[in-house]
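Enquirer: got a predicted structure plus its sequence, pasted below:
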Amino acid sequence: MVESVCILGSTGSIGCSCLEVISKNVDRYSVTVLTANNNYQKLYQQCQTYQPQLAIMACEVSAAKLKQLIDKSGLNIEVRGGVDAVNQAAEHSAIDIVVAAIVGAAGLLPTLAAVKQAHKVLLANKEALVMSGDLFIQEVKKSGAILLPIDSEHNAIFQSLPQAGNKAQPNLAGVKQILLTGSGGPFLKLPLEELSDKTPDQACAHPNWEMGRKISIDSATMMNKGLELIEACYLFDVSIEQIKIVVHPQSIIHSMVAYLDGSVIAQMGNPDMKTPIAHCLAWPDRIEAGVKPLDFYQLAGLEFQPPDFERFPCLALAVEAIKIGKSAPCILNAANEIAVDAFLNEKIKFTQIGLVIQQTLSRSNFEELASLEQIVQSDKDARALALVVIQELN
Ligand code: NDP
């Protein structure tokens with residue numbers, strides 16, 4: 001049976017890798033819905049190649065430009081524009097799999113809509129889960145959606161945990177600890193006094209992974225590992241004490257699970273997101289991903305070390321946020337998105353990212369977030385507060 005796929009955020013790094021994997025497996029997957037924000041030229045190219053039934057752009061002006069190109073080319077593709085259209089993308093009738101690859105909080109509503117439709121949901125958009133935590137997981141349980149992690153570390157943990165038959169929920173029997181690995185990013189060994197002068201391009205130059213700019217900055221601050229820690233707690237229903245962060249600069253081991261009997265099971269591979277994407281698309285089968293095989297004869301030494309919380313204060317803030325609970329992870333995520341955007345636009349220095357988040361958290365009240373409306377409001381308030389903090393810094 002050919003499964004039809006909706007990619008939320010198809011023009012991004014994950015979206016493009018996903019389309020590459022689909023290209024290698026056209027007998028198994030067809031592309032039905034593609035969405036983007038404003039990159040209409042790239043979405044047009046994807047429409048030409050993959051001929052989805054529906055193409056959606058959050059930006060209405062970009063959607064109008066895309067429609068002009070589609071009409072001119074004679075392609076039979078419906079084009080919709082606007083945030084609501086993106087939020088409803090997964091409600092299209094003919095979808096089996098939704099790939100949640102929008103960056104940031106903008107992915108929350110479209111991803112939740114996918115979950116509510118009880119699709120197979122492939123989650124890359126970690127921010128959505130960090131913001132909405134318990135509510136997100138409750139919706140998954142309520143709808144019976146199959147949630148599979150694309151994030152390479154969580155995918156590795158998922159692969160290393162005992163599987164409960166062919167159910168997506170892994171079981172934790174005999175598990176002692178989850179070992180969440182992280183490369184440490186481009187500034188792992190940089191003298192601390194040089195950090196404040198680093199430019200957005202330098203911070204985006206990750207040694208192992210090619211990714212979108214927001215997650216690249218998160219990797220340089222190690223906030224990415226902090227968000228992943230929170231993501232892992234929700235995905236695998238474990239406490240922060242059951243997870244240990246291990247810095248592994250080579251990104252060959254993508255995470256591990258330690259068992260009571262002393263065994264440690266690791267998932268390895270070249271750092272290429274097509275591997276976890278292919279794993280999730282085909283799960284529980286395996287398909288060709290187009291990834292260079294790991295050559296053990298070429299591997300130099302693999303290093304492992306503990307995280308340095310002084311160098312990476314954002315990681316310490318994420319640990320604090322998950323310990324506080326309530327709205328703290330949502331506020332952390334919102335403040336981080338605002339701070340990263342400010343850094344990318346050269347309004348603050350690299351070392352001020354953590355300061356903005358710390359100040360936003362320290363001026364916030366933490367409340368239980370029982371509804372989607374409360375989550376959206378908490379995100380909005382934290383963004384406003386983070387902008388005030390940035391203004392005060394300048
Ligand atoms: P990119 O920035 O490369 O792509 C983001 C995608 O989201 C683009 O299609 C973009 O459209 C779309 N988008 C951005 N803003 C909006 C918006 N407001 N409304 C609707 N669509 C929007 O990001 P990545 O692919 O790097 O990351 C995507 C997600 O996956 C993130 O949550 C990230 O943390 C996670 N992830 C990424 C990894 C990677 O290797 N890249 C690894 C693990 C997780 P447009 O092109 O038009 O702007």
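Expert: Done, it's in. What you are looking at is a predicted structure, and each value in this text was computed from that prediction instead of being measured.
Enquirer: in the protein, which residue sits closest to the ligand?
Expert: Ranking the residues of the chain by distance to the ligand (CB to the nearest ligand atom) places residue 12 first, at 1.9 Å. All C-beta atoms are positioned from the backbone trio N, CA, C, and that covers glycine.
Enquirer: what about that residue, how many residues close to it?
Expert: Residue 12 has 23 neighbouring residues, counting by other CB atoms under 10 Å.
Enquirer: and for residue 225?
Expert: For residue 225, the count of nearby residues is 25 (other CB under 10 Å).
Enquirer: what does the pLDDT read for it?
Expert: On the pLDDT scale, residue 225 is placed at 98.
Enquirer: partners of the nearest residue to it once chain neighbours are set aside in the sheet?
Expert: Closest residue in space to residue 225, ignoring its immediate chain neighbours: residue 182 at 4.2 Å, by CB to CB, 6 or more residues apart in numbering. Beta-bridge partners recorded for residue 182 (DSSP bridges): residue 247.
Enquirer: ok, back up a step: what sits against the residue of the chain closest to the ligand?
Expert: 36, 101, 102, 103, 212 (CB atoms under 8 Å, 6 or more residues apart in numbering).
Enquirer: ok, now which ones touch the second one?
Expert: Meaning residue 101. Residue 101 touches 7, 8, 9, 10, 12, 14, 15, 18, 107, 124, 125, 150, counting by CB under 8 Å, 6+ apart.
Enquirer: recalculate using a threshold of 10 Å.
Expert: 7-18, 35, 107, 111, 122-125, 150, 212, 273, 277 (CB atoms under 10 Å, 6 or more residues apart in numbering).
Enquirer: give me the distance from the strand or helix carrying residue 336 to the chain's centre.
Expert: Counting by DSSP states H and E, the element that carries residue 336 is helix 328-344. With CA atoms, centre = their mean, to the nearest Å as the basis, helix 328-344 stands 14 Å off its chain's centre.
Enquirer: now that helix: mean pLDDT?
Expert: 98.
Enquirer: tell me which residues of the helix or strand following that helix are tucked away?
Expert: Downstream of helix 328-344, the first helix or strand assigned by DSSP H and E is helix 352-362. Across helix 352-362, burial judged by 16 or more other CB atoms under 10 Å covers 352, 353, 354, 355, 356, 357, 358, 359, 360, 361.
Enquirer: kindly report the same for stretch 127-135.
Expert: 127, 128, 129, 130, 131, 132, 133, 135.
Enquirer: that stretch vs the ligand: in contact?
Expert: Yes - using CB under 6 Å from any ligand atom, we find that stretch 127-135 touches the ligand at residue 127.
Enquirer: mind exporting that stretch as PDB, just the C-alpha atoms?
Expert: What follows is stretch 127-135, C-alpha atoms only, in PDB (Å, rounded to 0.1, in the frame of the first residue of the first chain):
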ATOM      1  CA  GLU A 127       9.500  23.100  20.500                       C
ATOM      2  CA  ALA A 128       5.800  22.000  20.100                       C
ATOM      3  CA  LEU A 129       6.300  19.200  22.700                       C
ATOM      4  CA  VAL A 130       8.400  21.300  25.000                       C
ATOM      5  CA  MET A 131       5.700  24.000  25.100                       C
ATOM      6  CA  SER A 132       2.700  21.700  25.600                       C
ATOM      7  CA  GLY A 133       4.200  18.600  27.300                       C
ATOM      8  CA  ASP A 134       1.500  16.800  29.200                       C
ATOM      9  CA  LEU A 135      -1.300  18.100  27.000                       C
END
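Enquirer: follow-up on the earlier one: narrow the contacts of residue 101 to those in strands?
Expert: 7, 8, 35, 122, 123 (DSSP state E).
Enquirer: with neighbour count added, can I get those residues in TSV?
Expert: As requested, the ones in strands among the contacts of residue 101 are exported to TSV (neighbours: other CB atoms under 10 Å):
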residue	neighbour count
7	30
8	32
35	27
122	29
123	27
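Enquirer: out of those, who's nearest residue 383?
Expert: Nearest to residue 383 among these: residue 8, at 21.1 Å, using CB to CB.
Enquirer: my read: the closest one touches residue 88, true?
Expert: No - the pair residue 8 / residue 88 is not scored as a contact, 11.1 Å apart, by CB atoms under 10 Å.
Enquirer: what sits in contact with each of the two?
Expert: 56, 110, 113.
Enquirer: pipe the residues you listed into CSV and attach distance to residue 374, pLDDT and neighbour count per row.
Expert: Listed next are the shared contacts of residue 8 and residue 88 as CSV, based on distance: CB to CB, whole Å; pLDDT from 0 to 100; neighbours: other CB atoms under 10 Å:
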residue, distance to residue 374, pLDDT, neighbour count
56, 27, 98, 29
110, 19, 98, 27
113, 18, 97, 19
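Enquirer: just those: which are in helices?
Expert: Among the shared contacts of residue 8 and residue 88, the members found in helices (DSSP state H) are 110, 113.
Enquirer: fine by me, thanks again.
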